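Chemist: Just the structure for this:
(2 chains)
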Amino acid sequence: MMATTMSVRSTVTARFEQVAREQKKTLAPLSDDLVLLDSGLDSLCLAIIVARLEDALGVDPFSSGKDAEFPVTLGDFIRLYEDAAR
Amino acid sequence: MKMPHVDGGSLWSSLSAAGHLSERALWGADASVTLGDLVRGSSLSGRLELLRGRSVLVATRDQLTAALALIELDAVARRLVLCPPDLPAEHLPFVAATAAVDALVSDRTAPHAGPPGVGTVVTCTPRIAPAAPERTGRYQTEWVLLTSGTTGRPKMVVHTLSSLSGAMRGARPSGDPAVWSTFYDIRRYGGLQIFLRALLGGGSMVLSSADESTRDFLIRAGGHGVTHISGTPSHWRRALMSPAAHRIAPRYVRLSGEIADQAILDHLRACYPEARIAHAFASTEAGVAFDVGDGLAGFPASLIEGQGADVEMKVEDGSLRIRSTRTAARYLGDEDRSIADGDGFVDTGDMLERRGDRYHFVGRRGGIINVGGLKVHPEEVEAVINAHPDVRMSLVRTRKNPITGALVVADVVLKSEPGAANGRAVTLEHEIMQRCREALSRHKVPAAIRFVSALAVTPSGKLVRHDA
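Modeler: Numbering: from 1, shown residues only, chains lettered A, B, ... in the order given. As a prediction, the model looks like this:
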């Protein structure tokens, strides 16, 4: 279980870093309380991250759970994927 | 058939007729102006007369200066070309030539030349200078909006104040004065609608700014007491991801420009329980067709059957067709191509599917992809990919996305198989992406490239596009 949790987290953060690099955006230091909209990434970047995570993890928690709240922080975002991957 | 001009007058006279000018403001990110300031003043450095009867390109950095120029120049200029902020500079000469532009309104402080052949440059500023502007123009000014075309060159769509404000007749908001706002830029159809609603309905408006974060915009809009606010579903998803989403408490929330799915409608209902939430269908060419206020995705089939006086709709070959007084007049520079068919119906290209007693939007004909409210023509992206010497052909298609509604992805057939050496495929992908990033706007660059051995082609030799 622990291993899965860690790997979801590292998969998510790796995608943030990859997309920031590709889109030439300066990524804020990643921490759980980082507000996503303050991360330096715009909607298009977040959209690409969500698409790549669906390919990597096989889940899209935004489209599956209708009652899911939109994530505000990186911690919320990672939790969404950890819960969906469980 | 044609409806009369708004109150028979200019934008200035119509907004003046709504009264209370000194209490009504346009708030930009860095400056603000009250409509009362414009009674005995002008934003155009006293050079309004130079623009009379001209075809004017309004190419400002800021939305506030664009707003002021539009207010001052309707009925004075013969034609107003609204230059969106992200128009690539290389298209400017084409736009200027097509619209026979002979004057430029800019808000840059350093003097600069306009596009080739445009000698008259007038500076617009939010520092209103005393003047006795004569705004009783004679022109039914053409308002030219730019929208993306298949070749990458913008299509230029001609409206009048009358067609743009058609949806507002009899829709004057009741109660306290409205404070409108929108995430859109007012130089796009969706944003211009809100701007005109604010002005003609007697309200004020908070203008967004490309340089401002979603958080700062929401806090600023909340500070001005925004009551009516609009955006695309993608704008709203972004707003709901902001801790500042609760800094506004609107009475009216509007979505347009993209398919509003049930999830975003539910999220907005949960965030703004007091607000009336409506999703509207409109396009630059067809104009505003209808609003849906029942909180459900899609729209009641009865809207098609029960026709209003201003808008008639039908479904033909799966797509929504609209005939209305709010339809654009024509394309500039492409006069052969008509906006409406012989009966006056505009084919929106938006494909519908009937489920029970509702119609749902399922996508666009011709594979046009809508990324966060911005259109992408697959052919334009394919042309860039196909220019790579190792590419035989490519198919650009849509991939659903919960943040921007859709993303662009590409299937690519190479002239020779990349082979067992996987490194070649990685290099090629990198090269193709690089070309796309150099040649295309960000939202048009594929989020993913997949190498495939073949693409389906129809008997007539066209790529099979899985429409809608």
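Chemist: which residues touch the helix or strand hosting B:Leu196?
Modeler: Element membership for B:Leu196 (DSSP states H and E) is helix B:189-200. Here helix B:189-200 makes contact (C-beta atoms under 8 Å, 6 or more residues apart in numbering or on different chains) with B:6, B:11, B:14-15, B:18, B:35, B:67, B:70-71, B:82, B:143, B:145, B:147, B:161, B:164-165, B:167-168, B:171, B:178, B:180-182, B:184-186, B:203-205, B:228, B:230, B:232, B:254, B:256-257, B:282-284, B:288, B:373. Any C-beta I mention is one placed from the backbone N, CA and C, and that applies to glycine too.
Chemist: Please repeat the previous calculation with a cut-off of 7 Å.
Modeler: Around helix B:189-200, the neighbours that count as contacts under C-beta atoms under 7 Å, 6 or more residues apart in numbering or on different chains are B:6, B:11, B:14-15, B:18, B:67, B:145, B:164-165, B:168, B:178, B:180, B:182, B:184-186, B:204-205, B:230, B:256-257, B:282, B:284, B:288.
Chemist: Tell me where chain B has helices.
Modeler: B:11-17, B:63-73, B:92-98, B:161-164, B:189-200, B:214-223, B:233-240, B:262-271, B:302-305, B:378-386, B:422-439 (DSSP state H).
Chemist: who in chain A is up against chain B?
Modeler: Selection of chain A residues close to chain B by C-beta under 7 Å from any C-beta of the partner chain yields A:35-37, A:43-44, A:46-48, A:50-51, A:60, A:62-63, A:66, A:70-72.
Chemist: Would you list the buried entries among those residues?
Modeler: By neighbour count, with 16 or more other C-beta atoms under 10 Å in any protein chain shown, the residues of chain A next to chain B hold A:35-37, A:43-44, A:46-48, A:50-51, A:60, A:62, A:70-72 as buried.
Chemist: Chain neighbours aside, what residue packs nearest to the closest residue to chain B within chain A?
Modeler: As assessed by C-beta to the nearest C-beta, chain B sits closest to A:Phe62 within chain A, at 3.4 Å. In space, and not counting its chain neighbours, A:Phe62 is closest to B:Pro402: 3.4 Å by C-beta to C-beta, 6 or more residues apart in numbering or on different chains.
Chemist: ok so, going back, including distance to B:Arg397, could the helices of chain B go into a markdown table?
Modeler: Formatted as a markdown table, those follow (distance: least, C-beta to C-beta, whole Å):
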| stretch | distance to B:Arg397 |
| --- | --- |
| helix B:11-17 | 42 |
| helix B:63-73 | 34 |
| helix B:92-98 | 28 |
| helix B:161-164 | 33 |
| helix B:189-200 | 25 |
| helix B:214-223 | 29 |
| helix B:233-240 | 19 |
| helix B:262-271 | 23 |
| helix B:302-305 | 29 |
| helix B:378-386 | 7 |
| helix B:422-439 | 15 |
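Chemist: per-stretch mean pLDDT over those helices, give me the minimum one.
Modeler: Looking at the helices of chain B, the lowest mean pLDDT belongs to helix B:302-305 (a mean of 85).
Chemist: Can you give me the neighbour number for B:Glu106?
Modeler: Slight slip there: residue B:106 is Ser, not Glu. 21 (other C-beta atoms under 10 Å in any protein chain shown).
Chemist: my bad, B:Ser209
Modeler: Residues near B:Ser209, counting by other C-beta under 10 Å: 18.
Chemist: For chain A, see how far away B:Glu380 is.
Modeler: Distance of B:Glu380 to chain A, computed by C-beta to the nearest C-beta, to the nearest Å: 17 Å.
Chemist: Which neighbouring elements make contact with the helix or strand bottoming out on mean pLDDT in chain A?
Modeler: Across the helices and strands of chain A, mean confidence by mean pLDDT, DSSP states H and E is lowest for helix A:61-64: a mean of 79. Judged by 3 or more C-beta pairs under 7 Å, 6 or more residues apart in numbering or on different chains; DSSP states H and E, helix A:61-64 is in contact with helix A:74-85.
Chemist: The helix it packs on packs against which elements?
Modeler: helix A:2-22, helix A:43-57, helix A:61-64.
Chemist: now, of these, which is deepest in the fold?
Modeler: Most buried of those by mean neighbour count (mean count of other C-beta atoms under 10 Å in any protein chain shown) is helix A:43-57; its value is a mean of 21.
Chemist: So in terms of bridging, what pairs with B:Val157?
Modeler: B:Leu145, B:Tyr331 (DSSP bridges).
Chemist: quick one: it from B:Gly287, how far?
Modeler: For B:Val157, the distance to B:Gly287 equals 10 Å [C-beta to C-beta, to the nearest Å].
Chemist: Report the set of residues contacting both of these two.
Modeler: B:Ala328.
Chemist: number of nearby residues for residue 24?
Modeler: Defaulting to chain A. Using other C-beta under 10 Å, A:Lys24 is surrounded by 8 other residues.
Chemist: sorry, should have said chain B
Modeler: B:Arg24 has 22 nearby residues by other C-beta under 10 Å.
Chemist: right, and B:Leu64 touches B:Ala25 too?
Modeler: No. Applying C-beta atoms under 7 Å as the test, B:Leu64 and B:Ala25 come out as separate, 10.4 Å apart.
Chemist: Which one's more surrounded, the two?
Modeler: More neighbours surround B:Leu64 than the other of B:Leu64 and B:Ala25, with 25 against 19 (other C-beta under 10 Å).
Chemist: what's near enough to touch the residue nearest to A:Phe62?
Modeler: By C-beta under 7 Å, 6+ apart, the contact list for B:Pro402 reads A:Val50, A:Asp60, A:Phe62, A:Ser63.
Chemist: Quick check: the second one touching A:Glu54?
Modeler: Yes. Under the criterion of C-beta under 7 Å, A:Asp60 makes contact with A:Glu54 at 4.5 Å.
Chemist: Tell me the pLDDT of the residue of the stretch 51-200 of chain B found nearest chain A.
Modeler: The minimum distance from the stretch 51-200 of chain B to chain A, using C-beta to the nearest C-beta, falls at B:Phe183 (10.7 Å). If you check B:Phe183, the pLDDT there is 95.
Chemist: how many neighbours does it have?
Modeler: Residues near B:Phe183, counting by other C-beta under 10 Å: 23.
Chemist: Select the helix or strand of chain B having the lowest average pLDDT value.
Modeler: Here the helix or strand of chain B ranked lowest by mean pLDDT, DSSP H and E is helix B:302-305, holding a mean of 85.
Chemist: Summarise which helices and strands that one is packed against.
Modeler: strand B:311-316.
Chemist: Contacts only, for B:Thr60.
Modeler: Taking C-beta under 7 Å, 6+ apart, one finds B:Ala66, B:Ala69, B:Val105, B:Ser106, B:Asp107, B:Cys124 in contact with B:Thr60.
Chemist: can these go into JSON lines with extra columns for distance to B:Ala31?
Modeler: Formatted as JSON lines, the contacts of B:Thr60 follow (distance: C-beta to C-beta, whole Å):
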{"residue": "B:Ala66", "distance to B:Ala31": "13"}
{"residue": "B:Ala69", "distance to B:Ala31": "14"}
{"residue": "B:Val105", "distance to B:Ala31": "16"}
{"residue": "B:Ser106", "distance to B:Ala31": "16"}
{"residue": "B:Asp107", "distance to B:Ala31": "10"}
{"residue": "B:Cys124", "distance to B:Ala31": "12"}
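Chemist: ok, and of those, which contact chain A?
Modeler: Residues of the contacts of B:Thr60 in contact with chain A (C-beta under 7 Å from any C-beta): none.
Chemist: Out of those residues, grab the one that's most surrounded.
Modeler: For the contacts of B:Thr60, neighbours were counted using other C-beta under 10 Å, and B:Val105 has the most, 31 neighbours in all.
Chemist: how near is that one to B:Ser45?
Modeler: 10 Å.
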